[in-house]
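> 3D, please:
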Amino acid sequence: LATILVAPLMSCSARLPVYVLMTAAFIPTTTMLGAALPGLVLFSMYLIGLIVAPLVALGLKRTLLRGETPIFLMELPPYKWPSLGTVIHRMYDRGMAFLARAGTLILATMIVVWALLYFPSTGVDADGQSIDFDAATARLEEEQAGLEEQAAAIEGLGERTEAQEQALEELRTQSEALSHRLHALQGQWKRGSVLGRLGRAVEPVVEPLGWDWRVAMAVLASFPAREVVVGTLGVIYDAGPDQEAESTALQAQLRSARWDSSSRRAGEPVFTIATALSLMVFFALCCQCASTLVIMRRETNSWRWPIFAFSYMTLLAYVGALAVYQLGALLGLG
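Reported below is the predicted structural model:
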């Protein structure tokens, strides 16, 4: 039973996209102890589970699971070299299983996150007037596209007069101002969405970890399958849902993300080195996914142990992420 309760602390492949995204975007590409720092950070995430799991198992054996260890017997078949056909068949089965998982659970999660971020699409502007965010966003985007088209036409002239240079500079200024208006409008839309309201409700709980409501929602949405967190961040940060951990577009969006104006940290970067480490440590220690709990229920024939495992691992992950972020902030990494 102790093994079942600590096995989820071993990092699985579903956590790897989070590690890769955070290390690629925020860990400096320097060397330490003769090795690349991003590689050391990535290795340390796997090392955390190897260190914490035996300690947790020891604690469980001395508290909840005291007593003699029950005898465990398993009959193993004779070891043989697998045939090529068996290997290919096994690879095909597991590959199709992953594609089915990616095409159902992960895609469904992305759709749900998008819907929660999209609705309601109406709200109230600064003057108290009702506003249709979708239509207003479309108008601003169309207007900005027109300005960019005019600027491109002037830039293509080659030799430009002083008047044309002034016109080009004015177009760029207008385009930049329009871009700020567009981002402000989209931010207001997201904050007023169902996902935004849920996120702002839990933000005070996760702010000590260096997370804003958007990071919190991405983490919560990833519970069905941890690998969906990258796509969820892509949806929330406007980089698109079909993002991968190596996506430079998503990395750029995360680097430029700022705390909302309603926050006491308004204007500060959301993601720092300390925030990235905090998020990775949380994923290294939290319960893997919903399917893990289902398997634990099947093996223990009770929901008590899966609930206990989820609770203690969530608490452990929170404390670990909190300690890492606060220490990083003290060292000037936050």
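> so, low pLDDT: which residues of the stretch 101-250 of the chain?
In the predicted model, the stretch 101-250 of the chain carries pLDDT under 70 at residues 101-103, 105-106, 124-129, 238-247.
> hmm, try it at 80
Across the stretch 101-250 of the chain, residues meeting the criterion (pLDDT under 80) sit at 101-110, 113, 117, 121-130, 157-160, 179-191, 221, 223-228, 231-232, 234-249.
> how about the strands in it?
For the stretch 101-250 of the chain, applying DSSP state E, counting those that start in this stretch gives strands covering 122-124, 130-132.
> residue 226 - nearest residue in space that isn't next to it in sequence?
residue 14 (4.0 Å; C-beta to C-beta, 6 or more residues apart in numbering). C-betas here are computed from N, CA, C, even on glycine.
> what score does that neighbour have for pLDDT?
pLDDT, residue 14: 78.
> and for residue 72?
69.
> how about the CA coordinates for stretch 317-334, as CSV?
Backbone C-alpha positions of stretch 317-334 (Å, rounded to 0.1, in the frame of the first residue of the first chain) are rendered in CSV as follows:
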residue,chain,number,x,y,z
ALA,A,317,3.3,20.2,-3.9
TYR,A,318,1.9,23.4,-2.5
VAL,A,319,4.4,23.6,0.3
GLY,A,320,7.3,22.7,-2.0
ALA,A,321,6.3,25.3,-4.6
LEU,A,322,5.8,27.9,-1.9
ALA,A,323,9.3,27.2,-0.4
VAL,A,324,11.0,27.3,-3.8
TYR,A,325,9.3,30.5,-4.9
GLN,A,326,9.8,32.4,-1.6
LEU,A,327,13.5,31.3,-1.5
GLY,A,328,13.9,32.3,-5.1
ALA,A,329,12.4,35.7,-4.4
LEU,A,330,14.8,36.2,-1.5
LEU,A,331,17.7,35.4,-3.8
GLY,A,332,16.4,38.0,-6.4
LEU,A,333,15.0,35.4,-8.9
GLY,A,334,11.4,36.5,-8.5
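> residues in contact with that stretch?
Contact partners of stretch 317-334, identified using C-beta atoms under 8 Å, 6 or more residues apart in numbering, comprise 48, 208-210, 272-275, 277-279, 281-286.
> thought residue 117 was touching residue 191?
No. Residue 117 is not in contact with residue 191 according to C-beta atoms under 8 Å; the separation is 10.5 Å.
> in a helix, residue 45, correct?
Yes. Checked against DSSP: H, G, I helix; E, B strand; the rest coil, residue 45 lies within a helix.
> just give me the neighbour total for it.
Residue 45 sits with 21 neighbouring residues when counted by other C-beta atoms under 10 Å.
> report pLDDT for it.
pLDDT, residue 45: 94.
> show me what contacts it?
Applying C-beta under 8 Å, 6+ apart, we find residue 45 in contact with 11, 15, 19, 280-281, 283-284.
> from residue 210, how far out is it?
Relative to residue 210, residue 45 is positioned 17 Å away (C-beta to C-beta, to the nearest Å).
> just residue 112 next, same as before
From residue 112 over to residue 210 the distance is 26 Å, taken as C-beta to C-beta.
> do residue 8 as well
Distance from residue 8 to residue 210, by C-beta to C-beta: 24 Å.
> who has more neighbours out of those two?
For residue 8 versus residue 210, neighbours defined as other C-beta under 10 Å are more numerous around residue 210 (27 against 22).
> hang on, isn't that one packed against residue 281?
No. Contact status for residue 210 versus residue 281: not in contact, 11.1 Å apart, counting by C-beta under 8 Å.
> okay, the closest residue to residue 65 other than its chain neighbours: pLDDT?
Nearest non-adjacent residue to residue 65, counting by C-beta to C-beta, 6+ apart: residue 2, 5.5 Å away. With respect to pLDDT, residue 2 scores 87.
> so who does residue 2 touch?
Contacts for residue 2 (C-beta under 8 Å, 6+ apart) come out as 57, 60-61, 65.
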